[in-house]
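J.: here is a sequence with its predicted model. Questions after.
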Amino acid sequence: MASIEHDLFIEWMKWLQTHSPSHKFTYDGIVCLEEWQATPIKVLLVLKDYNDSSQTDRHLPLDKFNLEDREAVKANVPNLRYHLANSISNKRSWRTWSNAARWVYGLFNSRLGYYPPFTEANPQGNYRLRTTNMRKIAVLDLKKSPGRSSCKKSMLDTYFDQHPEAYSFLARQISLYGHLNYIVCCGDGVFDHFQKIMQNHMFQNSHYVVKHKGKNYLITESGIIIINYRHPLLLQKSVSSKLAYTQLMDIVQSALKERANQMNISQG
């Protein structure tokens, strides 16, 4: 899996070197393969880009270094997987990943009619436990380029207007992960572009044929629940960590109930 993912990223970067040489790149995907394989519930978080504000000016565009030079790649391609597996266990307030870890814990432990209360999920976002949760999932950045502290929907739309080939590469990356249980599209515009990936590049993949459309979610023929949700940074002052967690779990319950109804209908 890891070698196939790596080969895809190298192919992707080589394509960009030729067709969009000023583009930068970010490694993402399965955070820890061993933890991923041992976890029965497969979760993919989809975001816009990797916030690399403090380092992005230091990283060179793809046409400025040799992709065959491992040290040059390591120096110029931020690795979100490594960051989540190794760099968020300190006492720094990683608000995005603290909330994401709570969400992931809730998804892992939800079933029809039940989800862990926030009092149980809340400690999962502290510095001792958030890495434990994040190592079990996959994270995908749509733009595949290090960004800054925010990325508006218009910026995401412009990116795909300028890089339509990204849909195909993203579809290939997502397909590597096999059957997923939950895909959470985090942030304004992410769900829209994820649907374009499904409709235009994954329509022959039975995992991604849409069976039901809910208010904030899709259910595919294979039972994947794809959720349209906010970014875990929670920029809105009126939205607390508790409210964001509870609202997400309510969407999950709606989707699980609908999926159960669909199964009962098909079996009846």
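T.: Noted; the coordinates are in hand. Because the structure is predicted, anything quoted here is derived from the model rather than measured.
J.: phi, psi of residue 66?
T.: Here is the backbone geometry of residue 66 (degrees, to the nearest 10): phi -90, psi 120.
J.: repeat for the one 3 residues further on
T.: With angles defined as degrees, to the nearest 10, residue 69 sits at phi -90, psi 100.
J.: what do you get for the one 3 residues further on?
T.: Note on residue 72: its backbone torsions stand at phi -70, psi -40 [degrees, to the nearest 10].
J.: so what's the closest residue in space to it that isn't next to it in sequence up against?
T.: Among residues not flanking residue 72 along the chain, residue 65 sits closest, at 4.1 Å (CB to CB, 6 or more residues apart in numbering). For every residue, glycine as well, the C-beta is placed using N, CA and C. By CB atoms under 8 Å, 6 or more residues apart in numbering, residue 65 lies in contact with 72, 73, 75, 76.
J.: hmm, 10 Å instead?
T.: 17, 59, 71, 72, 73, 75, 76, 77 (CB atoms under 10 Å, 6 or more residues apart in numbering).
J.: tell me how many other residues surround the nearest residue to residue 122 once chain neighbours are set aside.
T.: With sequence-adjacent residues excluded and distances taken as CB to CB, 6+ apart, residue 122 is closest to residue 102, at 6.4 Å. Neighbours of residue 102 under the rule other CB atoms under 10 Å: 29.
J.: mind checking which helix or strand residue 102 is in?
T.: Residue 102 is part of helix 95-108, with elements assigned from DSSP states H and E.
J.: hey, C-alpha coordinates of that helix in PDB?
T.: Output in PDB follows, covering the C-alpha atoms of helix 95-108 (Å, rounded to 0.1, in the frame of the first residue of the first chain):
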ATOM      1  CA  ARG A  95      -7.200  23.000  17.800                       C
ATOM      2  CA  THR A  96      -7.700  21.400  14.300                       C
ATOM      3  CA  TRP A  97      -6.300  18.000  15.300                       C
ATOM      4  CA  SER A  98      -7.800  18.000  18.800                       C
ATOM      5  CA  ASN A  99     -11.300  18.400  17.300                       C
ATOM      6  CA  ALA A 100     -10.500  15.900  14.500                       C
ATOM      7  CA  ALA A 101      -9.400  13.400  17.100                       C
ATOM      8  CA  ARG A 102     -12.600  13.700  19.000                       C
ATOM      9  CA  TRP A 103     -14.600  13.300  15.800                       C
ATOM     10  CA  VAL A 104     -12.600  10.200  14.800                       C
ATOM     11  CA  TYR A 105     -13.200   8.700  18.300                       C
ATOM     12  CA  GLY A 106     -16.900   9.300  17.900                       C
ATOM     13  CA  LEU A 107     -16.900   7.700  14.500                       C
ATOM     14  CA  PHE A 108     -15.000   4.700  15.700                       C
END
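J.: got the buried residues for that helix?
T.: 96-108 (16 or more other CB atoms under 10 Å).
J.: neighbours of the closest residue to residue 86 other than its chain neighbours, how many?
T.: Leaving aside its sequence neighbours, residue 86 sits nearest to residue 131 (CB to CB, 6+ apart; 7.7 Å). Residue 131 sits with 21 neighbouring residues when counted by other CB under 10 Å.
J.: what sits against residue 131?
T.: 31, 32, 84, 85, 86, 87, 88, 89, 90, 94, 97, 101.
J.: would you confirm that the fourth one belongs to a helix?
T.: Yes - read with DSSP: H, G, I helix; E, B strand; the rest coil, residue 85 is one of the residues of a helix.
J.: surely it and residue 35 touch.
T.: Yes - counting by CB atoms under 10 Å, residue 85 does reach residue 35; the two are 8.6 Å apart.
J.: can you pull out the helices in this structure?
T.: 2-19, 33-38, 70-76, 80-86, 95-108, 118-121, 130-134, 153-162, 165-175, 190-201, 241-267 (DSSP state H).
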